[in-house]
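Asker: here are the coordinates; sequence isn't available:
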């Protein structure tokens, strides 16, 4: 893609930027590392060895956390170029498979259409995940929704994000996975009030075609700063 402002030089693809910088600065500690030397088995294993203990967040056993009264809200943008959105769905499903459907009482996942890595993108991307929402209430702010869930026992059943680039925008609704926001069929699609949470077939766990049989990305890409964990005593 070129730009009248920045010139004709194509910009780097986000996936290329994220992956090369991770290997240069976090795995090999070598700013001159050449991505053309990458070998999946060797470098993927090294990445897991060096970063896995710090960044992996894939253990589905949340029994101790749940027993203390902990509540967990996950979200992931469908337009994320750094972390595969399906991996967060995989983790959500693995927790339920490990701990049973009773864990659904302390776990929620919201998939955010159009949202990039943490925020940004064409979709409404402001819902208390990084900064305070323009409307500070549990309906528009997942942090406040988590607080209410822990302190009052009211689980979030939907979220109405806003677009940080628009002064007045209440144009979407997030539904807890595996539900999705479906249009009621009447009224403007720019108004969240005209959407409702509807059931959709859950996405099953997907695997790559590599001989390792891993997830769609090496394990160390499964970490994500997109969760809200309630404080527990």
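Answerer: Sure, I can see it. No experiment lies behind these values; they were computed from the predicted model shown.
Asker: any idea which element residue 20 lies in?
Answerer: Per DSSP states H and E: residue 20 is located in helix 14-22.
Asker: wait, a strand at residue 49?
Answerer: No. If the criterion is DSSP: H, G, I helix; E, B strand; the rest coil, then residue 49 is helix and not within a strand.
Asker: how near is it to residue 91?
Answerer: 21 Å (CB to CB, to the nearest Å). Yep, even glycine has a C-beta here, placed from its N, CA and C like the rest.
Asker: with residue 97 instead?
Answerer: Taken as CB to CB, the span from residue 97 to residue 91 is 11 Å.
Asker: more neighbours: those two, which one.
Answerer: residue 91 (22 against 12; other CB atoms under 10 Å).
Asker: so what's the predicted local confidence for the more buried one?
Answerer: Confidence at residue 91, expressed as pLDDT, is 92.
Asker: how about it, what does it touch?
Answerer: Counting by CB atoms under 8 Å, 6 or more residues apart in numbering, residue 91 makes contact with 57-58, 60, 74, 222.
Asker: neighbour count added to the residues you listed, as CSV?
Answerer: Shown next, in CSV, are those (neighbours: other CB atoms under 10 Å):
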residue, neighbour count
57, 12
58, 15
60, 16
74, 22
222, 21
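Asker: from the residues you listed, which single one is nearest residue 35?
Answerer: residue 222 (20.9 Å; CB to CB).
Asker: was I right to think residue 61 contacts residue 98?
Answerer: Yes. Shown here, residue 61 and residue 98 form a contact pair, counting by CB atoms under 8 Å, at 5.9 Å.
Asker: low-scoring pLDDT stretches of this protein, where are they?
Answerer: Along the chain, segments meeting pLDDT under 70 span 1-10, 130-135, 157-172, 188-192, 194-196, 200-233.
Asker: ok, which stretches of it are helices?
Answerer: Remark: helices assigned in the chain by DSSP state H are 14-22, 40-55, 63-67, 85-99, 142-152.
Asker: and the second one with helix 14-22, angle?
Answerer: Taking axes from the mean of the first three to the mean of the last three CA atoms, to 10 degrees, one finds helix 40-55 and helix 14-22 inclined to each other by 80 degrees.
Asker: so for helix 40-55, what gets flagged as buried?
Answerer: 43-44, 47-48, 51-52, 55 (16 or more other CB atoms under 10 Å).
Asker: from those residues, which is closest to residue 138?
Answerer: residue 55 (29.8 Å).
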